[in-house]
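In: this is a predicted model, with the sequence first.
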Amino acid sequence: KEQDAKRAKSELLAFANDHGHKIAAFYVENESGAILVRPKLMQLIEDAHKGDVILVEQIDRLARLNQADWDTLKKMLSEKKLSIVSKELPTSYMALQPERSTEFMSSVLQAINAMMLDMLAAIARKDYEDRRNRQMQGIARAKAEGKYAGRGKDTEKRKIIASLLKSGHSYSDIQKMAKCSRHLIADVAKERLRMLSTH
């Protein structure tokens, strides 16, 4: 939330232009890359046409996911034959010029790119987990020194749960996708009912 996702827009436009392409649509999301079910990411995948290219500023903007969620995301992208292109990953650029390479070369580059994507996603996840661990250690120290005040409700997660409830997902689905307790889902559901009844 402290970052502005719009910052990368001009850089991505310039990158697409340099490679002779136009960007069809932008999906700006300030949600954490550690969460699989993000409203804009899900919308992007739903809106995309078979064979489209998803251009990201950096791989970690797309995936700081654990292995199971990363595999799920790759499957979702693969089902629509969507390619990921990142400015930081030159092997991904081949998705912007498929007609220029032989079938063999294309297959080799796709294999290399898939491996590089997996590696960058794993690095992004490790970096995320290392930062979380340092944060937890800092909180533990602050608690021991009586300086930790805690934080309020996790509004980001509650928004995602509310969105999933609205679109008709079951509690079990939401629990799995948002990695949360049934108690939290019930709490958000009650909150939604209260809001609906006051309108």
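Out: In hand now; what should we look at?
In: just the strands in this protein please.
Out: 53-56, 83-86 (DSSP state E).
In: out of those, which comes closest to Leu165?
Out: When the strands of the chain are compared by CB to CB, strand 53-56 sits nearest Leu165, at 27.1 Å. From N, CA and C alone the C-beta is placed, and that goes for glycine too.
In: just checking: what are the partner strands of the closest one?
Out: Partner strands and pairing direction for strand 53-56 (DSSP bridges) are strand 83-86 (parallel).
In: return the distance of the partner strand from the chain's centre.
Out: On the basis of CA atoms, centre = their mean, to the nearest Å, strand 83-86 sits 13 Å off its chain's mean C-alpha point.
In: how is this structure divided into domains?
Out: Domain assignment for the chain by automatic domain parsing gives 5-125, 155-198.
In: just put those domains in CSV and tack on mean pLDDT, mean neighbour count and distance to Ala144.
Out: Supplementary listing: the domains of the chain in CSV, determined by pLDDT from 0 to 100; neighbours: other CB atoms under 10 Å; distance: least, CB to CB, whole Å:
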stretch, mean pLDDT, mean neighbour count, distance to Ala144
domain 5-125, 78, 15, 27
domain 155-198, 86, 15, 27
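In: using TSV, lay out those domains together with distance to Asn133.
Out: Shown next, in TSV, are the domains of the chain (distance: least, CB to CB, whole Å):
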stretch	distance to Asn133
domain 5-125	12
domain 155-198	18
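In: those domains: which one's closest to Gly138?
Out: Closest to Gly138 of these is domain 5-125 (CB to CB; 18.3 Å).
In: how far away from the center of its chain is the closest one?
Out: On CA atoms, centre = their mean, the centre of domain 5-125 falls 10 Å from the chain's centre.
In: tell me how many other residues surround Gln135.
Out: Look at Gln135: counted by other CB atoms under 10 Å, it has 10 neighbours.
In: could you do the one 4 residues further on as well?
Out: By the measure other CB under 10 Å, the count of residues near Ile139 is 14.
In: how close does it get to His183?
Out: Separation of Ile139 from His183 (CB to CB, to the nearest Å): 22 Å.
In: now do Thr155
Out: Note on Thr155: its distance to His183, by CB to CB, is 17 Å.
In: again, but for Phe15
Out: 44 Å.
In: ditto for Ala142
Out: 27 Å.
In: again with Ile84
Out: Distance of Ile84 to His183, given as CB to CB: 36 Å.
In: with Lys143 instead?
Out: Between Lys143 and His183 the computed distance is 24 Å (CB to CB).
In: kindly report the same for Tyr171.
Out: Distance, Tyr171 to His183, by CB to CB: 10 Å.
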